[in-house]
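1. Generate coordinates for the sequence data below:
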Amino acid sequence: MRSPLDRLDEGLYALAGRALCRWQRRALLGAVTAALFAFLCTRSFPQLEPGVGPLALTAALFALAGLLFMLPAFGRIAREGGDLGVYLLCAAACGALLLARLSMLEKETGDYTIFLLPWYEQMQPLAFAQAMQAQIGNYTMPYRYFIWLMTRVPLPPMYLFKLTTLLFEPLLAYAVMRLFELRAEKRSLGGALCAYLLTLALPTVVFNGAYWGQCDAIYTAFLLFGLCEALEERPYRAMASFGLAFAFKLQAVFLFPLLPALWAVRRVRLKHLLALPGAWLAVQLPALLGGCAPVHVLSPYFAQMGDSMELSINAPSLFQLFNAEEMNPWMFRNYGIAMALFAALGLCALLWRCRARLTPALLTDAAFLLVLAVPYLLPHMHERYFFAADVLSVAYWAGKRERFWAPLLTVLASFNCYLRYMQYHFSFVSMPAASLMMLAVLALAGAWLAHDLQRPRAE
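-> Sure, this is the predicted structure:
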C-alpha cells in the first residue's frame, strides 16, 4: 500500500508534466505576478517617500515589468504545448533577471545627474505644450513625451527612467528570439527560450537600462521587430517599426542600408516604404500640435551628429587603433564617414548581385554585419552605439557551435567599454584590444556571409 508521501510525489510529478490551457496559463501568470508584487513590497527602496502608497505603486510597476518579461516566453512555450515545469522554470529565470536589474536601481550615473534629472526638473512644472515648446534636452520627441509623463507619476525620477527602459526590454528579447529561430536550421523550444533569456541576460542589456538609465533598448526593440516583420512578409508593420525606431534615435539608420536588399527580394515594395516616414511623422504630431516648431523636431538629429569632436568616444571602433592626439579630427572624420558609406554600399551591391540566393537567414546575417560595420567605421561613436550589434549577435549565433565567437567577442568588447565609463577607466582589456576583437568579428562575419552567398539556395 502506497504511503501518503508516495501519492503526493506522484501527484506533483503528474502536475509538473501537465500541459496548460489558456486560462491556466493566465492564472499562473497572475499568481507569479502577485507573488512578485508581494515580494517587492518587502524590499527597501531608499528614495521613496515614507508610506504604503509609494511602496505599493513602485512594487506594482516593477511587478508589471516582471509580467512583461514572462509574456513572450510563456507565449512561445504555449505554442509547443509545454508543461507546467517549463513555465515555472521560465518564470523563475525571468524573476531572477528582474531582480538583477533592481539591484542596480539606486545607482546614480553622471548622465543622470547632468542630463536626465535636470530635464525632468525643468519639465515638471510645465504643461505638455509648454514642455514641447521649451525645447528641453537633446533627445528626440518621443522620449521627451516619456519624460513629461514621468513628471506626472509620484515616484523618484531615477526609478522611472530605468523602469521605462525595462518595459521595452521584453520586446527586444522577443524580436531576437524570432530572428534566432529564423536563422536556426531547426526550430526548438529550448533554442528559442535560450535566445530570449540570453538576450535579457546580456551584460550590455542589463547595465544599459538598469544601471545607466539609457534608452537604447527602446529604439533597438522597434528596429529588430521591424526586421522580423519584414522577413516574415508583413511589410507595412516592418516599415512602421523602422519609422518608430528612427523617431527614437538617429542610430536606427545603421540598419537602413538593408532596405534595398529587402526590396530586391520583394519583402517590401515602394508603397510599403511610405509607412516609414508616415510612422515617424505620426509620433511627431503631438509635439507639433503642442506648438513645437518643425525645425526643433529635427534639431536632435543634427545635435547627435556633431555632439563631440573626439573620433571615438569610448567606443571599440577603428579609431582606437591609432593615436588620437596625432590625428586631425576634421580630416579623419571624413575618412571614417567615407569608409562606412563604402562598406554599406559594397554590402548592398553584394546582396543585390546574390538576391536570388537571399534567405531570411542570410538577411539576418547581413543585418548583423551592418550594425557592426557602420559604427565601427564611423567617427564620434559612443560605446552604446554597438547595442544593436550586441543583441543581434545572439540571433547570428543561432545555437551553432561554430559561431560561438560572435556573441562572445562582440559583447565582451562592448561591455569592456561600458566598464571604462562605469568604473572610471577600469576594463578587462585595453581599448585597442577591444577594437581588434570587434574587427575580428567583422572580418569573420563578412567572410562567412560572402561564402554563404556563393552557395546555391536550397529549394
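2. tally of neighbours for Ala63?
-> Neighbour count of Ala63, defined by other Cβ atoms under 10 Å: 21. From N, CA and C alone the C-beta is placed, and that goes for glycine too.
3. who are the neighbours in contact with it?
-> Counting by Cβ atoms under 8 Å, 6 or more residues apart in numbering, Ala63 touches Thr33, Ala34, Leu36, Phe37, Leu40.
4. out of these, who's nearest Asp390?
-> For the contacts of Ala63, the closest approach to Asp390 (Cβ to Cβ) belongs to Leu36, at 27.1 Å.
5. so how far is Leu48 from the closest one?
-> Distance, Leu36 to Leu48, using Cβ to Cβ, to the nearest Å: 18 Å.
6. so where's the stretch 201-350 of the chain uncertain?
-> Along the stretch 201-350 of the chain, the parts satisfying pLDDT under 70 run over 306-309, 324-326.
7. any chance you could map the strands in it?
-> Applying DSSP state E, counting those that start in this stretch to the stretch 201-350 of the chain gives strands spanning 312-313.
8. higher neighbour count, Leu36 and Leu48?
-> More crowded of Leu36 and Leu48, by other Cβ under 10 Å: Leu36, with 24 against 16.
9. Could you check how far the more buried one is from Ala65?
-> Leu36 sits 9 Å away from Ala65, going by Cβ to Cβ.
10. go on, Cys90?
-> Relative to Ala65, Cys90 is positioned 16 Å away (Cβ to Cβ).
11. do Lys162 as well
-> 10 Å.
12. neighbour count winner among the two?
-> Counted by other Cβ under 10 Å, Lys162 and Ala65 do not tie: Lys162 has more neighbours, with 25 against 22.
13. Can you pull the domain assignment for this structure?
-> Domain assignment for the chain, taken from automatic domain parsing, gives 31-44+52-103, 104-453.
14. I'd like these laid out as CSV, including distance to Leu20.
-> Formatted as CSV, the domains of the chain follow (distance: least, Cβ to Cβ, whole Å):
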stretch, distance to Leu20
domain 31-44+52-103, 6
domain 104-453, 14
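15. most neighbours per residue, which of those domains?
-> Comparing those by mean neighbour count (mean count of other Cβ atoms under 10 Å), domain 104-453 ranks first with a mean of 19.
16. first to last residue in it, what's the distance?
-> 44 Å (Cα to Cα, to the nearest Å).
17. for it, the distance to its chain's centre please.
-> Relative to the mean C-alpha coordinate of its chain, domain 104-453 is positioned 7 Å out (Cα atoms, centre = their mean, to the nearest Å).
18. Stretch 18-35 too?
-> Worked out by Cα atoms, centre = their mean, stretch 18-35 lies 27 Å from the chain centre.
19. Extract the C-alpha set from it and format it as PDB.
-> Taking C-alpha atoms only, stretch 18-35 is exported to PDB below (Å, rounded to 0.1, in the frame of the first residue of the first chain):
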ATOM      1  CA  ARG A  18       0.800  18.700 -17.500                       C
ATOM      2  CA  ALA A  19       0.300  21.000 -20.400                       C
ATOM      3  CA  LEU A  20      -1.600  24.100 -19.500                       C
ATOM      4  CA  CYS A  21      -4.600  25.500 -21.300                       C
ATOM      5  CA  ARG A  22      -5.200  29.300 -21.800                       C
ATOM      6  CA  TRP A  23      -7.000  30.000 -18.500                       C
ATOM      7  CA  GLN A  24      -4.400  28.000 -16.600                       C
ATOM      8  CA  ARG A  25      -1.600  30.000 -18.200                       C
ATOM      9  CA  ARG A  26      -3.300  33.200 -17.300                       C
ATOM     10  CA  ALA A  27      -3.900  32.000 -13.800                       C
ATOM     11  CA  LEU A  28      -0.200  31.100 -13.400                       C
ATOM     12  CA  LEU A  29       0.900  34.500 -14.800                       C
ATOM     13  CA  GLY A  30      -1.400  36.200 -12.300                       C
ATOM     14  CA  ALA A  31      -0.200  34.100  -9.400                       C
ATOM     15  CA  VAL A  32       3.500  34.700 -10.200                       C
ATOM     16  CA  THR A  33       3.000  38.400 -10.700                       C
ATOM     17  CA  ALA A  34       1.100  38.700  -7.400                       C
ATOM     18  CA  ALA A  35       3.900  36.800  -5.700                       C
END
